[in-house]
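Visitor: I would like to see how this sequence folds:
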Amino acid sequence: MAKQELVVNGSGFVNEVAGKLKKNTLKNGGAYIISLEKKLLDVSTIVQNMCDETGANPLEVMKILGDYQNCILKHLGKGYSVKVLDLLTVQPSIRGSVDNKEEAEAKNEIKAKVTPLPLLDEAMKDLSVSKLEMFVTEAVINSVKPHGYTGDTIIAGKSIDVTGDKIKIGSDEDGVYYAKTDGMGSIEDRANWVKLDASEIFHSTAKELTALVPSSLESGKYVLIVETSFLGGNKKRKEALFAASAPFNVVKA
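Guide: Down below sits the predicted model:
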């Protein structure tokens, strides 16, 4: 495993974190929630950093931490609430509600409940958000450009490079289409869209796509439309996402 590098400034760990705005799907609150990036440090990295500063033996520290962890788990298993240093408490908890005693006695899904202590918030008092971006929840096409030849003209029978987000084609139900447009926001009916065969899509990722411009297209103004239900791995979205490009001109070779 590659060693993690700690990024520090003159006073210790870097005190900035990036965030994204996501649409708030709850009934209460504002239109967006802020999601901060996760910069995860593993135990061995923290121990090595501590040992570099104190001269302690990393193997001995890891052994002590392992024994400490096992002791915490043992007492949690006996029903105790455990205070983990001055950082947090962990206690057995049954989530949800019941209507009567009999239902309560039958409910035996005991989980760990973690309660942070004030020192954790104190440690982050000087932390600030370095940058804030919108989290993309829809498919987006940012650009459509010629592939493999110079100039800005898109030529029927050649290929294009497409950039965007969430535009990966993951199944036969997904598709890449060319639709004629008047350039003023109106496009032709879906029945007239020209769909590419899978063999005409040469490269497809979440952010990039390379595809053919069919030689059958007449000269004119088009938009490229991507329809995808790809979610990652073998997962599919319940509803397909659609992305449409800005209008562009296609000319015959």
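Visitor: remind me which residues of the stretch 1-150 of the chain are low pLDDT?
Guide: Within the stretch 1-150 of the chain, the set of residues satisfying pLDDT under 70 comprises 1-14, 22-29, 134-137.
Visitor: and the helices in it?
Guide: For the stretch 1-150 of the chain, the helices defined by DSSP state H, counting those that start in this stretch occupy 43-54, 58-77, 101-106, 118-123.
Visitor: in terms of secondary structure, what does the longest one contact?
Guide: Counting by 3 or more CB pairs under 8 Å, 6 or more residues apart in numbering; DSSP states H and E, the packing neighbours recorded for helix 58-77 are helix 43-54, strand 82-84, strand 88-94. Where C-beta positions appear, they are placed from N, C-alpha and C, glycine not excepted.
Visitor: pairing partners for the shortest one, with directions?
Guide: Read that as strand 82-84. strand 88-94 (antiparallel) (DSSP bridges).
Visitor: contacting residues around the strand it pairs with?
Guide: With CB atoms under 8 Å, 6 or more residues apart in numbering as the contact definition, strand 88-94 has outside contacts at 72, 76, 79, 81-84, 107-117, 120.
Visitor: cutoff 7 Å now
Guide: 76, 79, 81-84, 107, 109-117, 120 (CB atoms under 7 Å, 6 or more residues apart in numbering).
Visitor: kindly report the same for stretch 65-83.
Guide: Contacts for stretch 65-83 (CB under 7 Å, 6+ apart): 43, 84, 89-92, 112.
Visitor: swap in stretch 161-178?
Guide: Outside stretch 161-178, the residues within contact range by CB under 7 Å, 6+ apart are 136, 139-145, 147, 193-196, 198, 201, 204-211, 214, 217, 222, 224-230, 241, 243.
Visitor: buried members of these into PyMOL, please.
Guide: Applying 16 or more other CB atoms under 10 Å to the contacts of stretch 161-178, the buried members can be selected in PyMOL as follows:
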select buried, resi 139+140+141+144+147+193+196+201+204+209+211+217+222+224+225+226+227+228+229+230+241+243
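Visitor: Gly157 sits in which helix or strand?
Guide: For Gly157, there is no enclosing helix or strand under DSSP states H and E.
Visitor: how about Asn234, what does it touch?
Guide: Applying CB under 7 Å, 6+ apart, no residues contact Asn234.
Visitor: over to Leu196?
Guide: 176, 211-212.
Visitor: mind listing which of those residues are in strands?
Guide: 176, 211-212 (DSSP state E).
Visitor: and those residues as a markdown table, adding pLDDT?
Guide: Below are those laid out as a markdown table (pLDDT from 0 to 100):
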| residue | pLDDT |
| --- | --- |
| Val176 | 96 |
| Ala211 | 96 |
| Leu212 | 96 |
